[in-house]
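Chemist: Next come a sequence and a model predicted from it.
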Amino acid sequence: MNRRSSLAVVATLGLTLVGCDFEVTNPGPTDDRFLDNPEAHQAMANGAARQLFSALANVAYTTSAVSRELFPSGSTSSFGISARQQRGLLEWDDEHINGPWVDAQQSRYIGESGFTRMGETNPGGTSAYRPAVEAALWAGFANRLLGENWCEATIDAGPIVSREDMLRRAEEWFTTAITAAGSEPSLAEQRTAAIAGRAAVRMHLGDWAGAVSDAGDVPTDFEFSANYESAQQSEYNRTYFAGASEPYRAVTVWNTVYEDYGESGDPRTPWVETGQEGDAAVQMVNNSRVPFFRQEKFAERGADIRLASGLEMRLIEAEQLLRSGNVEGAFAIVNARRTELGLDALDPADATEGWTMFKRERGVEMWLEGRRLGDLYRWNEDGTPGSLHPMETAGDPASYLDSGQDLCYPISKSERESNPTIPNTPTG
């Protein structure tokens, strides 16, 4: 096309544009009634799952530092550990704690309201209906995440409720998922996951008979996980990405009990000494950099995190025996797992040493899965015997943890500022 022809085209286009109507009407949010279409139901269940996985990735990473499953290597950036969290403090006005609160609450709401909607709009109701079963299951895990890790919570901009209230909600939603799944073979995995989730919740609520009953229905080789992806940052396994050496070295296995376990050959806590240092000076360690030992449990950005497993169920059974004074029976279960892994059996001299060993063994088995803080909280509340290692004991110089270490998240600042039914600042 020559210059004259080009000018002609431009002129013609200009005249055409002058005659066009550029008024645009914003259609607004998707009409709510479209969600009544059964074709949208699986998408709702998937949305609840996605928000749960996002919340868990953040909680598992942050609490790994607060409970000293990992040691902070200095970074306080978006993929780092804040200065207060480095000391074991989870404070309501820390900007780092808003994200997991929002994600967990969104997962809970989408799952709960989605299940109700599906029951009203699916021709066959919720019985053996995969989207409904999954919506209830994710609602159970979202409520469990809140109940295990938050000191208190709110529901849909309502008043403050206790962590026990959240755990009871989780129990109800797991039961709903179990009932909805029924005996449908294609939903057996979801049903077993709900039973395992309910067992953990009942344990936290002190219903040991119910917990052990549920645990017995879960095979030892069962695993159910939150799925992560490598495609976009919001779907990464945060623990891996923040400590992968490139681009971040924000956490290290150095100066943790798990460093010793990895050296002992325990395959449940693998790590590698990289010869590098943490990516910034950590204020707690004399303003010097710390050695960077990279965790190897999660080997890629898309590494999954277990939500429930048969191995966890065996630990519930062992703890119930320990609580009843049957140390030998408890460690028969613990040592069966250790023997399978080629590790020496544990032989505690008494119940107190048994508790010390058991607390460590549960930490090793469920390392970096976002469950440790809830265990520390309930053991502390129950006044159980046994001790933690100095490197994970609040106030001990070896741990660099503040003596006022927090064992649960507070309600976030954003929730307090937007929820008219609760105080803008904590009153306690």
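Modeler: Cool, got the structure.

Chemist: what is the mean pLDDT for stretch 90-108?
Modeler: With pLDDT averaged residue by residue, stretch 90-108 scores 94.

Chemist: Residues touching that stretch, excluding its own?
Modeler: With contacts defined as Cβ atoms under 8 Å, 6 or more residues apart in numbering, stretch 90-108 is touched by 48-52, 54-55, 58-59, 62, 66, 82, 84-85, 138-139, 141-143, 145-146, 150, 406, 408-416, 425-426. (Each C-beta comes from the backbone N, C-alpha and C, glycine too.)

Chemist: Repeat that for stretch 388-405.
Modeler: By Cβ under 8 Å, 6+ apart, the surrounding residues in contact with stretch 388-405 are 66-68, 71, 86-89, 255-257, 284-285, 356, 359-360, 376, 387.

Chemist: residue contacts, Ala242?
Modeler: Going by Cβ under 8 Å, 6+ apart, Ala242 touches Tyr61, Ser75, Phe79, Gly80, Tyr248, Ala250, Val251.

Chemist: do the same with Val272
Modeler: Phe293, Arg294, Glu296.

Chemist: Please report phi then psi for it.
Modeler: For Val272, the backbone dihedrals (degrees, to the nearest 10) come out as phi -130, psi 140.

Chemist: isn't Ile422 right next to Glu152, touching?
Modeler: No. Under the criterion of Cβ atoms under 8 Å, Ile422 is not in contact with Glu152, lying 9.5 Å apart.

Chemist: Thr239 should be in a helix, yeah?
Modeler: Yes. Counting by DSSP: H, G, I helix; E, B strand; the rest coil, Thr239 is located in a helix.

Chemist: Skip the chain neighbours and tell me the closest residue to it.
Modeler: Distances taken as Cβ to Cβ, 6 or more residues apart in numbering put Tyr61 closest to Thr239, at 4.6 Å, once the chain neighbours are dropped.

Chemist: what's the helix or strand for that neighbour?
Modeler: Tyr61 is part of helix 41-66 when elements are defined by DSSP states H and E.

Chemist: Can you give me the pLDDT of the closest residue to Glu120 other than its chain neighbours?
Modeler: In space, and not counting its chain neighbours, Glu120 is closest to Asp36: 7.7 Å by Cβ to Cβ, 6+ apart. pLDDT recorded at Asp36 is 82.

Chemist: So what touches the one helix or strand Ala332 maps to?
Modeler: Element membership of Ala332, judged by DSSP H and E, is helix 327-340. Residues from elsewhere that reach helix 327-340, judged by Cβ under 8 Å, 6+ apart: 311, 314-315, 317-319, 321-322, 344-348, 350-351, 354, 357-358, 361, 365.
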